[in-house]
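K.L.:
Dropping a prediction and its sequence here:
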Amino acid sequence: MATPNTPAYRPFLEACREHGISKTVAYELANAGLVETFKLGAKRYVIVESLRTLPDRLGKAGEV
């Protein structure tokens, strides 16, 4: 959940890099619908909460 000082979304590849996710894996996750992304103009953004909860969701799905 975003707080007043925490943005709800961030630039996609920058946020993924900060979570230790490579560019290739980031796009694989986005294409599989495992992280929520959207585009504004030519730039892609990720919903921070979908990236933050990714390990829990993958664990529940038995993929980790």
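P.N.:
Good, I have the coordinates.
K.L.:
only C-alpha atoms for contact and neighbour calcs from this point on.
P.N.:
Noted.
K.L.:
Which strands and helices lie in contact with the strand or helix carrying Ala30?
P.N.:
In the assignment (DSSP states H and E), Ala30 maps to helix 23-31. Helices and strands touching helix 23-31, by 3 or more Cα pairs under 8 Å, 6 or more residues apart in numbering; DSSP states H and E, are helix 12-18.
K.L.:
So what touches the helix it packs on?
P.N.:
By Cα atoms under 8 Å, 6 or more residues apart in numbering, the residues outside helix 12-18 that reach it are Ser22, Lys23, Ala26, Thr37, Arg44, Tyr45, Val46, Val48, Leu51.
K.L.:
Can you tell me which of the residues you listed are buried?
P.N.:
Ala26, Thr37, Tyr45, Val46, Val48, Leu51 (16 or more other Cα atoms under 10 Å).
K.L.:
Can you spell out which residues form a bridge with the closest residue to the second one other than its chain neighbours?
P.N.:
Nearest-residue entry for Thr37: Val46, 4.3 Å, with adjacent residues in sequence omitted and distances by Cα to Cα, 6 or more residues apart in numbering. Beta bridges link Val46 to Arg10, Thr37, judged by DSSP bridges.
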